[in-house]
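Novice: I would like the atomic coordinates for the input below:
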Amino acid sequence: MMKKFALVFCMVLVGAFCIIFYVTKDKKLHTPKETELCNKKCRIVSPDGEIRLGTYIIKAVSKNEEQKIEIIESLSMDYGGKKVEYTSTVVYRSGTLVTPESGMAETKMNGKTCMQGSVTFSENTYEYEGKGFLNKKTGEAIDPPRKFEEKDQPLPEGMLIFQSALPAISPRILPKEGELKNIVFVEFPDDLGAPELICFKEGHRLVREKPNANGEYYMNIYGPDSEDCISNIRFNKEDQIVSMKPFGKIKIEVEENKK
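Specialist: Take a look at the predicted model:
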């Protein structure tokens with residue numbers, strides 16, 4: 001009787017082990033390669049919110065196996081009698097400290113490519129290259145296109161935060177109420193035309209405010225030696241962007257929050 005019981009018990013154990021192994025293996029097989037962090041379509045309006053000026057889209061995906069975060073930002077609006085557009089893609093290395101690895105950007109004017117360029121980062125330096133196709137003031141073609149590049153440029157000291165990273169992943173950069181000093185704010189693209197592809201603005205501060213009763217909170221950017229907020233982003237309790245005021249010139253509101 002004892003032998004029979006022992007045999008049955010062993011068979012149960014083996015079966016349980018097989019089930020656990022199968023489930024574990026199955027989970028590994030189905031581990032997502034990408035996780036969507038942010039995907040918002042927004043409208044661009046005047047500072048008072050009365051006039052619609054264009055469209056802004058921000059997306060961020062965590063590439064789990066590569067331990068990278070890819071951020072895609074695009075903007076389209078009427079400006080100075082022209083329709084201007086830009087798209088940028090920035091890749092960050094994820095981890096305790098997110099750091100930029102590379103980026104690509106393209107600008108357009110009235111549907112025609114104005115500038116294209118890319119930037120790559122190493123531990124202490126960066127380099128970039130690109131081409132200008134249109135005169136950003138007149139819209140006339142540059143023939144031949146203007147080539148530009150810089151290599152082995154020293155990186156400014158501080159944490160590099162691209163403009164697109166603020167609405168997409170700043171809650172990851174500053175996960176709780178507090179302040180980060182010595183922020184280098186990176187404008188990419190810096191302007192519509194060549195060679196103004198990238199610009200580093202040093203000495204900024206990123207401040208995460210205390211959430212309100214609904215869990216919403218602001219991320220504020222302060223300039224060097226200043227107590228005046230130059231840009232802010234409002235997030236909900238799920239760390240998703242609700243609205244943004246980039247440097248006081250326009251206002252960006254997530255479409256799904258409009259009735």
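Novice: measure Pro144 to Ile69 for me?
Specialist: 36 Å (CB to CB, to the nearest Å). The C-beta positions use only the backbone N, C-alpha and C, and glycine is treated the same way.
Novice: ah, wrong one, I meant Glu150
Specialist: 25 Å.
Novice: more crowded one of the two?
Specialist: Neighbour tally, Glu150 and Ile69, criterion other CB atoms under 10 Å: the higher count belongs to Ile69, 25 against 14.
Novice: pairing partners for whatever helix or strand that one lives in, with directions?
Specialist: Here Ile69 is covered by strand 68-79, with elements defined by DSSP states H and E. Using DSSP bridges, the strands paired with strand 68-79 are strand 52-63 (antiparallel), strand 82-93 (antiparallel).
Novice: and the residue nearest the centre of the chain?
Specialist: Ala165 (3.1 Å; CA atoms, centre = their mean).
Novice: which residues are in contact with that residue?
Specialist: Counting by CB atoms under 8 Å, 6 or more residues apart in numbering, Ala165 makes contact with 71, 90, 92, 98, 173.
Novice: kindly report the same for Val84.
Specialist: Going by CB under 8 Å, 6+ apart, the list of residues near Val84 reads 75-78, 107-109, 192.
Novice: do the same with Asp190
Specialist: With contact set as CB under 8 Å, 6+ apart, Asp190 has these partners: 196-199.
Novice: average pLDDT for stretch 90-100?
Specialist: For stretch 90-100, mean pLDDT is 85.
Novice: can you measure across it, start residue to end residue?
Specialist: 7 Å (CA to CA, to the nearest Å).
Novice: so Pro171 sits in a helix?
Specialist: Yes. Pro171: assigned to a helix according to DSSP: H, G, I helix; E, B strand; the rest coil.
Novice: which residues does the residue nearest to Gly103 when sequence neighbours are not counted form a beta bridge with?
Specialist: Counting by CB to CB, 6 or more residues apart in numbering, Val90 is the residue found nearest to Gly103 once chain neighbours are left out, at 4.3 Å. With DSSP bridges as the criterion, Val90 is bridged to Ile71, Gly103.
Novice: isn't Val90 right up against Thr99?
Specialist: No. Using CB atoms under 8 Å, Val90 makes no contact with Thr99, being 11.1 Å away.
Novice: what comes up buried for stretch 225-243?
Specialist: 230-235, 240-243 (16 or more other CB atoms under 10 Å).
Novice: quick one on the thing from earlier: for the strands paired with strand 68-79, give me a markdown table that also has distance to Met115.
Specialist: Putting these into a markdown table (distance: least, CB to CB, whole Å) gives the following:
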| stretch | distance to Met115 |
| --- | --- |
| strand 52-63 | 19 |
| strand 82-93 | 9 |
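Novice: which residue ranges of the stretch 101-250 of the chain form strands?
Specialist: Per DSSP state E, counting those that start in this stretch, the stretch 101-250 of the chain carries strands over the ranges 112-121, 125-134, 141-154, 159-162, 178-187, 199-208, 217-222, 229-235, 241-246.
Novice: what is the burial count for Asp48?
Specialist: Residues lying near Asp48 (other CB under 10 Å) number 7.
Novice: where does it fall, phi/psi-wise?
Specialist: When quoted as degrees, to the nearest 10, the phi and psi of Asp48 stand at phi -90, psi 0.
Novice: gap between it and Gly95?
Specialist: Using CB to CB, Asp48 is found at 41 Å from Gly95.
Novice: where does pLDDT dip in the stretch 151-259 of the chain?
Specialist: 248, 257-259 (pLDDT under 70).
Novice: could you redo the last one with a cut-off of 50?
Specialist: For the stretch 151-259 of the chain, the stretches with pLDDT under 50 are 258-259.
Novice: residues of stretch 116-126 that come out buried?
Specialist: For stretch 116-126, burial by neighbour count (16+ other CB under 10 Å) applies to 116-121, 126.
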